[in-house]
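Undergrad: Could you look at this predicted model? Sequence included:
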Amino acid sequence: MKKYNFSAGPSILPRVTMEKTAEAIMDFNGIGLSIMEISHRSKDFQVVIDEAVALFKELLDIPEGYSILFLGGGASLQFCMVPYNLLEKKAAYLNTGTWANKALKEAKLFGEAVEVASSKEANYSYIPKDYVVPADADYFHITTNNTIFGTELHTDIDSPVPLVADMSSDIFSRPLDVSKYALIYGGAQKNLAPAGVTFVIVKEDVLGKVSRPIPSMLDYRIHIKNGSMFNTPPVVPIFAALQTLRWLKELGGVKAIEKINIDKAARLYDEIDRNRLFKGPAAEEDRSFMNVCFVMEDEYKELEPEFLDFAVKRGMSGIKGHRSVGGFRASIYNAMPVEGVQALIDCMQDFEKQK
């Protein structure tokens, strides 16, 4: 039986990424050493990180004046690094879910951090639209895709102040106008690489404007100066990320993957809307293309455990919804093939026929 990995993260990766990384773990570039044991300052690894940076810039069409960093600590560390480096007087946050709320909480440790809008009252089932960003804010922070609640910003918004975005779960899923952002960050374990590396795309001229001293490990300028090698970087996840970036380029880049992602999501949402057993809680216009969340209709609520068991036995792995919301969640990141989505649709239809 074939299994499909719908886990929200760590999540599915392209097969070639896993194969090439496994090869390099045993013997990197034929040098007789593992990628896990070579020096991060060796010429062999410098080539890896240089190509990864170059592909970031190429695939996202990143303009001059931006640096790409590969750091540790996950996106959660960025929740404090962002205000540490950017917050002088005030920061503004759009609260669209659990991770956005956690980012806001960390920012409050460094100064005034205001919530410009929130969809918490509706269990984060939509993206707020009508809000005003304070013109005196040092930056405006958004979370572009909300993995737990299944909502997503599908376009690049305009902001009157520097825009900061957590793109942990939708980076490389669509084209971006990077020039609209001051800083983009994210954990790599959803659309890029195994857990352990965090990417940061930062516009260099927004740095160095806060009056507080910044510890070296938390200062973006230090990491830029040292080419992501101020300390030992997460070597294996960076190598894996490079394989994913190569795969994406060969596929046709972000424009090509966006078409595939839209098609996959449309197929699954169409089935959720058609199937009498299921419904999607997220506002239709804000439905995520990465994390498709759905629950049983109220009259069939008691069937949720039965469907979960049915789906798992059919090879659908990781579709249980987040513990805070329940129901089901199919994460259909870039590496999820259309056949995996169709397998889940077939599973839902077969279960419906039995009821």
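TA: Great, that's in hand.
Undergrad: all strands for the stretch 51-200 of the chain, in order.
TA: 66-71, 90-95, 112-118, 139-143, 145-146, 151-152, 163-166, 183-187, 198-203 (DSSP state E, counting those that start in this stretch).
Undergrad: JSON lines for those, including distance to residue 279?
TA: From N, CA and C alone the C-beta is placed, and that goes for glycine too. Shown next, in JSON lines, are the strands of the stretch 51-200 of the chain (distance: least, C-beta to C-beta, whole Å):
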{"stretch": "strand 66-71", "distance to residue 279": "40"}
{"stretch": "strand 90-95", "distance to residue 279": "24"}
{"stretch": "strand 112-118", "distance to residue 279": "23"}
{"stretch": "strand 139-143", "distance to residue 279": "24"}
{"stretch": "strand 145-146", "distance to residue 279": "18"}
{"stretch": "strand 151-152", "distance to residue 279": "15"}
{"stretch": "strand 163-166", "distance to residue 279": "28"}
{"stretch": "strand 183-187", "distance to residue 279": "30"}
{"stretch": "strand 198-203", "distance to residue 279": "35"}
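Undergrad: Can you convert those into a markdown table and add a column each for mean neighbour count, mean pLDDT and distance to residue 218?
TA: Output for the strands of the stretch 51-200 of the chain, formatted as a markdown table (neighbours: other C-beta atoms under 10 Å; pLDDT from 0 to 100; distance: least, C-beta to C-beta, whole Å):
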| stretch | mean neighbour count | mean pLDDT | distance to residue 218 |
| --- | --- | --- | --- |
| strand 66-71 | 22 | 98 | 10 |
| strand 90-95 | 24 | 98 | 16 |
| strand 112-118 | 17 | 98 | 17 |
| strand 139-143 | 25 | 98 | 16 |
| strand 145-146 | 28 | 97 | 25 |
| strand 151-152 | 25 | 98 | 29 |
| strand 163-166 | 25 | 98 | 15 |
| strand 183-187 | 25 | 98 | 13 |
| strand 198-203 | 23 | 98 | 12 |
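Undergrad: Nearest to residue 334, out of these?
TA: Of all the strands of the stretch 51-200 of the chain, strand 145-146 sits nearest to residue 334, with 12.4 Å by C-beta to C-beta.
Undergrad: Run through the neighbouring helices and strands of the closest one.
TA: helix 98-107, strand 151-152 (3 or more C-beta pairs under 8 Å, 6 or more residues apart in numbering; DSSP states H and E).
Undergrad: repeat that for 10 Å
TA: helix 98-107, strand 151-152, strand 163-166, strand 291-296 (3 or more C-beta pairs under 10 Å, 6 or more residues apart in numbering; DSSP states H and E).
Undergrad: relative orientation of the longest one and strand 139-143 in degrees?
TA: Relative orientation of helix 98-107 versus strand 139-143 (axes from the mean of the first three to the mean of the last three C-alpha atoms, to 10 degrees): 150 degrees.
Undergrad: which residues does residue 192 contact?
TA: Neighbouring residues of residue 192 by C-beta atoms under 10 Å, 6 or more residues apart in numbering: 11, 13, 17, 52, 56, 168, 171-172, 186, 199, 237-238, 240-245, 248, 333-335.
Undergrad: any idea how far it is from residue 111?
TA: 31 Å (C-beta to C-beta, to the nearest Å).
Undergrad: do residue 8 as well
TA: Going from residue 8 to residue 111 by C-beta to C-beta gives 32 Å.
Undergrad: quick one: which of the two has more around it?
TA: Using other C-beta atoms under 10 Å as the criterion, residue 8 and residue 111 rank with residue 8 on top: 22 against 15.
Undergrad: What's the separation between the more buried one and residue 95?
TA: With the distance defined as C-beta to C-beta, residue 8 ends up 20 Å from residue 95.
Undergrad: just for the stretch 101-250 of the chain, where's the confidence low?
TA: Residues of the stretch 101-250 of the chain meeting the criterion pLDDT under 70: none.
Undergrad: what pLDDT does residue 326 get?
TA: As summarised for this prediction, residue 326 has a pLDDT of 86.
Undergrad: Residue 46 too?
TA: 96.
Undergrad: just checking, it touches residue 233?
TA: No - here residue 46 lies out of contact with residue 233, judged by C-beta atoms under 10 Å, at a distance of 11.2 Å.
Undergrad: just to revisit the earlier point, please spell out the ChimeraX selection for the buried subset of the contacts of residue 192.
TA: Only the buried entries of these go into this ChimeraX selection, using 16 or more other C-beta atoms under 10 Å:
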select :11,13,17,52,56,168,171,172,186,199,237,238,240,241,242,243,244,245,248,333,334,335
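Undergrad: Report the contact partners of residue 275.
TA: Residue 275 is in contact with 294, 296, 297, 345, 348, 349, 351, 352, counting by C-beta under 10 Å, 6+ apart.
Undergrad: Would you mind putting those residues into JSON lines with pLDDT alongside?
TA: Listed next are these as JSON lines, based on pLDDT from 0 to 100:
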{"residue": "294", "pLDDT": "97"}
{"residue": "296", "pLDDT": "96"}
{"residue": "297", "pLDDT": "96"}
{"residue": "345", "pLDDT": "98"}
{"residue": "348", "pLDDT": "98"}
{"residue": "349", "pLDDT": "98"}
{"residue": "351", "pLDDT": "98"}
{"residue": "352", "pLDDT": "98"}
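Undergrad: For the residues you listed, work out which two are farthest apart.
TA: Across the contacts of residue 275, the longest distance by C-beta to C-beta is 17.2 Å; it joins 297 and 345.
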